[in-house]
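**Student:** predicted model and sequence follow; I will ask about them next.
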Amino acid sequence: MTGFALARPNRLRLDAFARQLGLHPQLVRRYVALGLLDAHRDPGGELWFRPAELARAGRVQRLHAGLPLNYAAIGLVLDLLERIEELQTTLRKGGRGWTSTG
């Protein structure tokens, strides 16, 4: 009998995460060490990733390939892009923007 997953996994092991991105696991470890990706360690020391980190890792790869930036600068760009997305979401929901006072 063949089984099918009913839901996406809520976390991925390092090897599965790297395989989905087409990256070497050591490069993924480097991204974690540089603070570009968030990962959790289990009691055995193995890295686990939330599926949402796949998109962030893809963004890191695109920024690194497309712009002459070092990894520290890529981290800053990622933080700024996330902040812009938060502000746009707030504005779409009718919230006050960053230029508002009080």
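**Tutor:** Cool, got the structure.

**Student:** which residues does stretch 39-55 contact?
**Tutor:** Counting contacts by Cβ atoms under 8 Å, 6 or more residues apart in numbering, the residues outside stretch 39-55 that touch it are 8-14, 17, 20-21, 28-29, 32, 37-38. In this view, the C-beta of every residue, glycine as well, is placed from N, C-alpha and C.

**Student:** can you list the buried residues in it?
**Tutor:** For stretch 39-55, the neighbour count (16 or more other Cβ atoms under 10 Å) marks 39, 47-50, 53 as buried.

**Student:** can you put these in CSV and add pLDDT, distance to residue 83 and secondary structure?
**Tutor:** Formatted as CSV, these follow (pLDDT from 0 to 100; distance: Cβ to Cβ, whole Å; DSSP: H, G, I helix; E, B strand; the rest coil):
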residue, pLDDT, distance to residue 83, secondary structure
39, 96, 22, coil
47, 96, 26, strand
48, 97, 26, strand
49, 97, 22, strand
50, 96, 20, coil
53, 95, 18, helix
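
**Student:** what segments of this structure are helices?
**Tutor:** 14-21, 25-33, 53-66, 71-92 (DSSP state H).

**Student:** for the last one, give the mean pLDDT please.
**Tutor:** Per-residue confidence for helix 71-92 averages out to 93 on the pLDDT scale.

**Student:** number the chain from 128, please
**Tutor:** Understood, numbering begins at 128; the last thing we discussed is helix 198-219.

**Student:** please name every helix or strand in contact with it.
**Tutor:** The contact analysis (3 or more Cβ pairs under 8 Å, 6 or more residues apart in numbering; DSSP states H and E) places helix 198-219 against helix 180-193.

**Student:** now the helix it packs on, how far from the centre of its chain.
**Tutor:** How far helix 180-193 lies from its chain's middle: 8 Å, per Cα atoms, centre = their mean, to the nearest Å.

**Student:** from residue 141, how far off is residue 209?
**Tutor:** 23 Å (Cβ to Cβ, to the nearest Å).

**Student:** these two: who's more crowded?
**Tutor:** The neighbour comparison of residue 209 against residue 141 (other Cβ atoms under 10 Å) goes to residue 141, with 17 against 12.
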